[in-house]
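K.L.:
can you look at this prediction? I've put the sequence above it.
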Amino acid sequence: MKFIEMTGVTLDKIINDGEIHADGLREAGVEASTIVRVNSHGDIEVRRPEGWDIIGGLLGEYVVRVQDQTGLNWAE
């Protein structure tokens with residue numbers, strides 16, 4: 001699966017209304033320096049000690065938002 005990796009602070013800038021909110025990010029254990037990634041389906045995944053957990057998803061034109069905010073392209 002392809003993904004773009006970022007920090008929690010960058011993810012917070014990407015999220016739109018109707019998607020996971022700041023309170024939801026905190027409840028999922030996402031802080032400013034937490035490593036997160038968005039996969040090519042728009043799922044938000046957070047890095048845990050043993051692997052990745054899906055905590056929500058992005059809707060709409062998330063590809064443009066993710067690439068514009070991070071300056072990155074999809075990686076495998």
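P.N.:
Looks like it arrived, so ask away.
K.L.:
please, where are all the strands along this protein?
P.N.:
Here the chain has its strands, by DSSP state E, at 3-7, 35-39, 43-48, 51-57.
K.L.:
quick one: contacts of the first one?
P.N.:
Contacts of strand 3-7 from elsewhere in the structure, counted by CB atoms under 8 Å, 6 or more residues apart in numbering, are 14, 32-40, 45, 66-67, 69-70, 72-76. Every C-beta, even on glycine, is put in place using the N, C-alpha and C of the backbone.
K.L.:
among the residues you listed, which are located in helices?
P.N.:
Counting by DSSP state H, these place 14, 66-67, 69-70 in helices.
K.L.:
by neighbour count, which of those wins?
P.N.:
Val66 (23 neighbours; other CB atoms under 10 Å).
K.L.:
for Gly18, which of the strands of the chain is the nearest?
P.N.:
Closest approach to Gly18 among those (CB to CB): strand 51-57, 10.5 Å.
K.L.:
so what touches the closest one?
P.N.:
19-20, 24-25, 28, 30, 37, 41-46.
K.L.:
do that again at 6 Å, thanks
P.N.:
Applying CB atoms under 6 Å, 6 or more residues apart in numbering, the contact partners of strand 51-57 are 20, 28, 42-46.
K.L.:
in the lowest-mean-pLDDT helix or strand in the chain, what counts as buried?
P.N.:
Taking mean pLDDT, DSSP states H and E as the measure, the chain has helix 22-27 as its least confident helix or strand, at a mean of 86. Within helix 22-27, the residues that qualify as buried are Leu25, counting by 16 or more other CB atoms under 10 Å.
K.L.:
export that helix as CSV, just CAs?
P.N.:
Output of helix 22-27 as CSV, limited to C-alpha atoms (Å, rounded to 0.1, in the frame of the first residue of the first chain):
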residue,chain,number,x,y,z
ALA,A,22,-8.4,17.5,17.2
ASP,A,23,-10.1,15.9,20.2
GLY,A,24,-10.3,12.6,18.2
LEU,A,25,-6.6,12.9,17.4
ARG,A,26,-5.7,13.3,21.1
GLU,A,27,-7.9,10.4,22.1
